[in-house]
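Student: structure, please.
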Amino acid sequence: MKISTRGRYALRFMIDLAVHNTGGYTTLRDVSTRQNISVKYLEQITALLSKYSLLNSVRGPQGGYKLSKSPEKYTVGEILRITEGNLAPVTCLESSENSCEKKEICPTLKMWEGFYKVVNDYFDSIHLSDLIKNVKVEQIYDYVI
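Tutor: Presented below is the predicted three-dimensional model:
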């Protein structure tokens, strides 16, 4: 299993919003500058996250994005499933009903099911608030003498 840039950048975006939460909206340009992710790519990610109500957005000069709920209410699993789709390691586990013709005799099915459970349990146990605990907001001071 490999998490794409979309999934990784979505996590970085959500962490950035949580860390820089001032109560107002944050522009994509600000996040783009801090995270070194193009605004165009962030637009695609925010459209997806907004579709699933993870973000609130406002257009206009004072507009931008902010989290729709507190960081402890988001799980990494939720964010990754929205951006990556199902986290199943094999296609026969991608839907709730395994329609594989060999499921009754497959010697590896239990192994894949176990792996899938471990991945989901792990990502669902990590909250956005857990990820921001160790983030250090760099403060850059420009001293001119």
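
Student: quick check: mean pLDDT across the helix ranked longest in the chain?
Tutor: The longest helix of the chain (DSSP state H) is helix 109-125. Per-residue pLDDT values over helix 109-125 give a mean of 95.

Student: what does that helix contact?
Tutor: The contact list for helix 109-125 (Cβ atoms under 8 Å, 6 or more residues apart in numbering) reads 1, 75-78, 80, 87-90, 92-93, 98, 100, 103. C-betas here are computed from N, CA, C, even on glycine.

Student: what segments of the protein are helices?
Tutor: Using DSSP H, the helices of the chain run over 5-19, 28-35, 39-51, 76-84, 109-125, 128-132.

Student: just put these in JSON lines and tack on mean neighbour count and distance to P61.
Tutor: Formatted as JSON lines, the helices of the chain follow (neighbours: other Cβ atoms under 10 Å; distance: least, Cβ to Cβ, whole Å):
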{"stretch": "helix 5-19", "mean neighbour count": "20", "distance to P61": "19"}
{"stretch": "helix 28-35", "mean neighbour count": "16", "distance to P61": "12"}
{"stretch": "helix 39-51", "mean neighbour count": "16", "distance to P61": "16"}
{"stretch": "helix 76-84", "mean neighbour count": "19", "distance to P61": "29"}
{"stretch": "helix 109-125", "mean neighbour count": "14", "distance to P61": "37"}
{"stretch": "helix 128-132", "mean neighbour count": "17", "distance to P61": "28"}
